[in-house]
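# Sequence below, structure please.
(chains A, B and C)
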Amino acid sequence: MSANITNPPLKTAAPAAARTRVVRDATCTFCGCVCDDMHLTVDDETHKIVKAENACVLGRAWFKEHGIEDRPFALIDGREAGTEEAIEAAAQILAEARFPIIYGLSDTTCEAQREAVAIADMIGGNIDTTTSVCHGPSGMAFQGVGESTATLGEIRNRADLLVFWGGNPAESHPRLFTRYAVTAKGMYVPNGKKDRTVVLVDVRRTPSAAVADIFIQVKPRRDFEVLWALRALVKGADVDPDIEQVTGVALATLQDLAARMKACRFGALMFGMGLTMTRGRHFNSGALLALASDLNRYTHFIAKPVRGHGNVTGADNVMSWQTGFPFGVNLSRGYPRFNPGEFTTVDLLARGDVDAAMIIAADPGANFPQSAIDHLRRIPVVVLDPKLSHTSRHAKVAITTATYGISVGGTVYRMDDVPLTLRPALPSPYPSDETVLKAIRQRVKELLGGGRVPAPAHAGVAA
Amino acid sequence: MLRIVNGRVVDPANGVDGEVRDVCVASGRIVADVPPQARRIDASGMVVMPGGVDMHCHIAGAKVNLARKLQPEDHRHDVHPRTAFTRSGVGGTVPSTFTTGYRYAMLGYTTAMEAAVPPLSARHTLEELHDTPVIDKGFYVLLGNNVMLFKLLEKGRLEEFGHAVAWLLSSSKAYTAKLVNPGGDEAWKGRRNANVTRLDEKIEPFELTPRQVIGALIRAVDDLGLPHPAHIHCNNLGHSGNFETTLETMRIAEGRRAHLTHIQFHSYGHVAGKSNDNPTSKAREISEFVNTHPNISADVGQVMFGNATAMTADAPLGYMLSRLSGGKWVNADTEHESGCGIVPFAYQDRVYTHALQWAIGLELFLMSKDPWRMVLSTDHPNGGSFMSYPKLIRLLMDREFRRQEMSKVNPRALRQTALADGLDREYTLGEIAIVTRAGPARLLGLKNKGHLGVGADADITIYEEHEDKEQMFSTPRYVIKDGQLIIEDHEFRADYEGRVLHVAPDYDPAIVDVIRPFFEEYYSIRFNNYAVDDSYLGRHEQVPTAAQRAKGS
Amino acid sequence: MSESMILIGGRSSSQGTSLCAGKLGAEYIDVSSTLEMNVEDMARMGLKDNDRVRVRSAVGEIVVRCKGRAAKDLPSGLLFIAYGPLSSALMGGDTAGSGMPLSKNLDVKVEPAA
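Okay, the predicted model is just below:
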C-alpha cells in the first residue's frame, strides 16, 4: 500500500519580485528555553529565514541555518531514493528485527514522538530518548526523591536567589539569564538583577560567572559532597572544616550559602550536565533535588533541571503518559519495562544486543561512546533527520525530514513542562517526522499481519 | 444497530427500576425501536445500566504525569499488555493513559472528568485525553488562585471579571471553573510557604478574601449558565474542625448552584480543647446541610484502604502530607494560576485518622437523603484508585460485608461515627445507578448521558447479576460506547476514541484588550500562544450554556 | 612527558551556533577540536596556542589543537573541549547501570603531538 508521500519539486518558482513576510510569536526550539517570542522575517525567494527578532545568538544560528537546502529526499545504501521507497525499506528493517530500538526524539514534535512509541509498542522494541544521556539521571533522582519545581514565570516574577549549578547558561541557554531569570524584571522583582542574588557553582569559571554575585569553584567530582554538606548545614547539623580539603570549598563559604538559601523569599536551584555526566550522576541530581525540597521547611525553594534540546521535555512527557516511564523503555514482553542501564541505548548498543535501530532527530554517531558507535555501524540503521549527520552518513536508510518549529508545526514542551504550539514559518518540500513515522507504522502493521503479540508465558517457548 | 433483550433495566432518570424491557440502539443513540435484522444481545440474568460517569478524578495532564513519572515501582507490579488492537501500558494508582481509558471501560464507565487543570497546561491535558481511549472526557480549569482574575476582582471590575472567566473557559476548552484552596497559592509561593485558613482573611497582597473569590466565581459561572456549576475544593482540606469552613463555603452560594467536591475530606470536627491530632466526624452536620439545600451538590471522596496517590492543586496540603509520610514529594508551581503537591500515600485500616476518613465517607453516603446530589467518587487517586469502585459499591449495598469490614478498622475511630450506632442502610441497585451514573450526568448537565431514554447517547453497561456486588461491578459482560460494542463477553473487541466535552461561553471580545497587557508584562509566554487551538480537541462536543441553548445554537 | 589531567566536555556558544550549520561543516569541526588548557600547564609542557596535543583516555585517543586559558578561569590540571565526535571518542561505554556514560571529568593523559 502506497504511503502516498509525494516528493515535490524542491523550490517553487521565484515570484516576480523578492518578497518577505513576518511570522510573529514563533517558537525557537534550539534549546530547552523554547522561547515563543520569535518574530521571524521569511524570504520566500531564497527559502530562508533572514531575521529572528528576540533570538539569542544560538537561536539566530538555528533559524539562519535551517533554510531549505537542496538535498536528496532519501538515501538507501548511499544511493539517492524517494521518500516512499525509503519508508518501505525502513518498515522492512523494523518488521524483521528481533531486537529493534528507537532512539532520539528530542528534536521533533510530540505528534511524531507519539508515532514512535506506537511503533515500538507494535514491534515489541526498545524506545529511548536523548534524556538517557542528558537529564536521565535527574529523572531517576526524581523517582527516588521527588522535586520541588515551578514554571519559569514563577522564577522570573518571584526569585530573589538564583543558584546555577554545573551549567553554563551564558553559552548554552543565554535567554535563561535575560528572559526568565537574572536580568528579567518580575512582579515581585521589579528591579530585575538588582533585586536578586546570583550564585554560580562550577569546576571552572565560565562566561556565566559574569552575572554571578558569588562564584563557588568545586573540585571536579565533588559536587555530591558539597550538596550533602549544604543539606546538613541547612538542617542545623555541624560539618567538619575538612570539607574544604575534600571539595575545594571552604566551610565558611558553605555556611554563608546555606544561610542565604534559608533567608531568601523564593529560591531557585537550576542545574545542568555538570551534575549528571560525572561521578555520582543520579546521586548528584538527587542530592540537589533533596536540598531544594529540604529548604521548603524554611522558605519557598524550587529546583529546575535545565534541559538541553527543544523538545526533550516533550519526549519525557509523551513517554511517561503513554508508557508510565520517561525514557529507556522496553516493550519486548508486550508491556513497558523500565530499567536504566539495561534498556538505555548506550548500554544496549555497547553490549551489542541490538539488531536494528531507528534514530530520529538525534546524532548518536557523534555523541555516543565509541563502543556504541561501532555497533551502530554493524546493524541496519534508519535515520530521520533534516541534516546530514554522523549517524545518517553510516545509515542504511536516511530519510530527509523537515525541521520542526521552522517548517513543521506541532506541540513542544519547554523545560518547565509548559506546552506550546509551533508556528512554522518556512514551507518545506520534505515530509515531517510525523508523516514519515505514520507511514512506517502503517506499513509495519501490514508486514506483521496485525501485530506482534508475544506468546503467553505458559506456552513454554520464548518468542 | 442493536437490540438488548431480557435484561433488567435500571434507569432511574426515567423511573425504570429493574423491569425487563428491550433497549434499542441505532446510530450511536438509544432509539425506540430497531428492525428485526438488528443484532440481538441476550441479557438474561443481567442488569442493563447507562455507562458510568465519574465526575471527579485526576487522569490527564501535567500534575498527573508528574505523579505517573514519580512511581515506577507502582507500575511494575501492575502491567497492562497490549493486544492485537489495544495499546500496552501500566497501572498502579496512576495508570498510563491508554490503560486508564481501557480500565474505566472495563468497569463499565463511559465518561470521566479530569478535575483540576491550570489554563497554562490545558494543552497538555488535551493531549493526554486524546490518548485516553473509549471514554468521553473533559476537564475543569483552575481559576480560584488566578492572579489576573484577582487583580480584576479586587478593583471591583466585576463585568470584566465575568468576561475574563468566560474567555479563560473558552480558550482553554474546559468544562467549568475549579477552585482549590482559594487564596492559598499566593501565601504558599509568595509568603514562604504560608497558607490561608480563614475565609475572611486577606489574600496578601490583594484586597481580597477567599470568601470574595468563592462568591465571585460561583456567581460568574452561574451567570454564564454553564451546565455544571463552580466546582469547589474548600479551604482547610484535611484539618480538624474544617467542617465549619465547609458550611461557610456552602452558605456563600446563597441559593446559587455550587458543587463541593470530595466533601468527606472537609467534614471533620475536633475534640474540644485538644490539638489537631484528634479529628472527629461532622458528617451528620454536612449531610444535613446538603440534604436541605437543593442548590448544593457534592461528591463524597471516599477513602479506600490500600495504596493511593495524593495529587492536588492544594500545594500546602501536599507539603503537609509529605511531612507525614516522610517520603518523596513533588511540588510544582504554575505562574499566576496554581500550585500542585504530589505524595504517594497508603490508607491503613488500623490508623485512627484513616479509619475515621473511611467511616465518614460511608456516613455521607448512608445519611444522604438525595443520592442525586451526593454522588460517588474517591477523588481518584487521592482517596483510592477508581479500580476500587466495585468494592465501594459492595460496601454500600451489602450491610453484612460492611460490618465485616468495620470489624477490621480502628474501633476508636469507628466510635466517633454513626456507623457505630448501626447505620444500617443498604443502597439499592437503583440508588447505585444514581450515584454512579444518573446523578453525576445530571449534575454535569449532560442531558444525553446517565440514562437510557430515547435520544440518549448509547453508552450502556450490562452487568451479570451476582450476589457479590464487587464481583458484579468489576467485570461487565458488555460495554457499549456510542452504540459500538467495545467489550463483549468481558473482552475488548475494538479500540475507540471518545469525545472531549467542553463549553464555549460567549464573552465580550474587548476583554482580550484587558487580559493581554497583564500577559505581556507578567507571563513567560506570549499572549498569542496561550489560547488552545481547536485542533487539540479531536472528536469533541461543545455543551451549550443556558443562553446558547435558548438561542438554539 | 605525558601528564594526567581531567577533561570536561561541554557546550559552548560557538559549538551551538556551528552545530546549526551542520556537524560535518568546517566550523563545527574546528570548534570541537579545540582543547582549552590552563596557560601555566601549557607553559610547563612547552606548548603554545594552536599546537597539536594528544589526549588519551582508557578507551580512545584524539589529537587536537590547544588554546590557553587564564588560571582564574581554568584551574591547573583541568581541560575543556566542546562536545563533538572527538570528545565522544574518549568516552567509555560503561554507564554503571545508569544509562549515562561519563562525559565530564574524564581521566586523561595529555602530551604534545608532532
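# Next, A:Tyr103: secondary structure please.
strand (DSSP: H, G, I helix; E, B strand; the rest coil).
# Can you report how many residues lie near the residue nearest to it when sequence neighbours are not counted?
Spatially, and ignoring its direct neighbours in sequence, A:Tyr103 is nearest to A:Thr345 (4.6 Å; CB to CB, 6 or more residues apart in numbering or on different chains). Backbone N, C-alpha and C define where each C-beta goes, glycine included. By the criterion of other CB atoms under 10 Å in any protein chain shown, A:Thr345 has 29 neighbours.
# list the contacts for A:Thr345?
A:Ile101, A:Tyr103, A:Asn126, A:Asp128, A:Ser132, A:Val133, A:Gly328, A:Pro364, A:Phe368, A:Ala372, C:Gly99 (CB atoms under 8 Å, 6 or more residues apart in numbering or on different chains).
# swap the cut-off to 7 Å and go again
A:Ile101, A:Tyr103, A:Asp128, A:Ser132 (CB atoms under 7 Å, 6 or more residues apart in numbering or on different chains).
# low-scoring stretches of the chain, by residue?
Went with chain A since none was named. A:1-4, A:6, A:8-18, A:450-463 (pLDDT under 70).
# right idea, wrong chain: chain B
B:272-277, B:553.
# Could you name the helices and strands sitting against the longest strand anywhere in chain B?
If you go by DSSP state E, chain B has its longest strand at strand B:109-117. If contacts are counted by 3 or more CB pairs under 7 Å, 6 or more residues apart in numbering or on different chains; DSSP states H and E, strand B:109-117 sits against strand B:52-57, strand B:136-142, strand B:176-180.
# Partner strands of it and their direction?
strand B:52-57 (parallel), strand B:136-142 (parallel) (DSSP bridges).
# got the contact list for the helix or strand harbouring B:Gly162?
Following DSSP states H and E, one finds B:Gly162 within helix B:158-172. For helix B:158-172, contacts defined as CB under 7 Å, 6+ apart pick out B:119, B:122, B:141, B:143, B:148-149, B:152-153, B:177, B:216, B:220, B:223-224, B:503-508, B:511, B:514-515, B:531-532.
# and B:Leu247, what element?
Counting by DSSP H and E, B:Leu247 is found in helix B:243-252.
# List the buried residues of that helix.
B:Phe243, B:Glu244, B:Thr245, B:Thr246, B:Leu247, B:Glu248, B:Thr249, B:Met250, B:Ile252 (16 or more other CB atoms under 10 Å in any protein chain shown).
# Kindly state the beta-bridge partners for the residue most central in space within chain C.
Central residue of chain C (CA atoms, centre = their mean): C:Ile81, 3.5 Å from the mean position. Applying DSSP bridges to C:Ile81 gives these bridge partners: C:Gly9, C:Leu35.
# which residues touch it?
C:Leu7, C:Gly9, C:Leu35, C:Val64, C:Ser87.
# pLDDT wise, what is it at?
We have a pLDDT of 95 for C:Ile81.
# roughly how far apart are the closest residue to chain A within chain B and B:Glu497?
Across chain B, the shortest distance to chain A (CB to the nearest CB) belongs to B:Glu335, at 3.0 Å. From B:Glu335 across to B:Glu497, the span is 32 Å (CB to CB, to the nearest Å).
# Looking at the two, which one has more neighbours?
Higher neighbour count among B:Glu335 and B:Glu497: B:Glu335, with 26 against 18, using other CB under 10 Å.
# picking up where we left off before, what packs against the helix or strand just after the longest strand of chain B?
Using DSSP H and E, the helix or strand that follows strand B:109-117 towards the C-terminus is helix B:122-130. Applying 3+ CB pairs under 7 Å, 6+ apart, we find helix B:122-130 packed against strand A:419-421, strand B:136-142.
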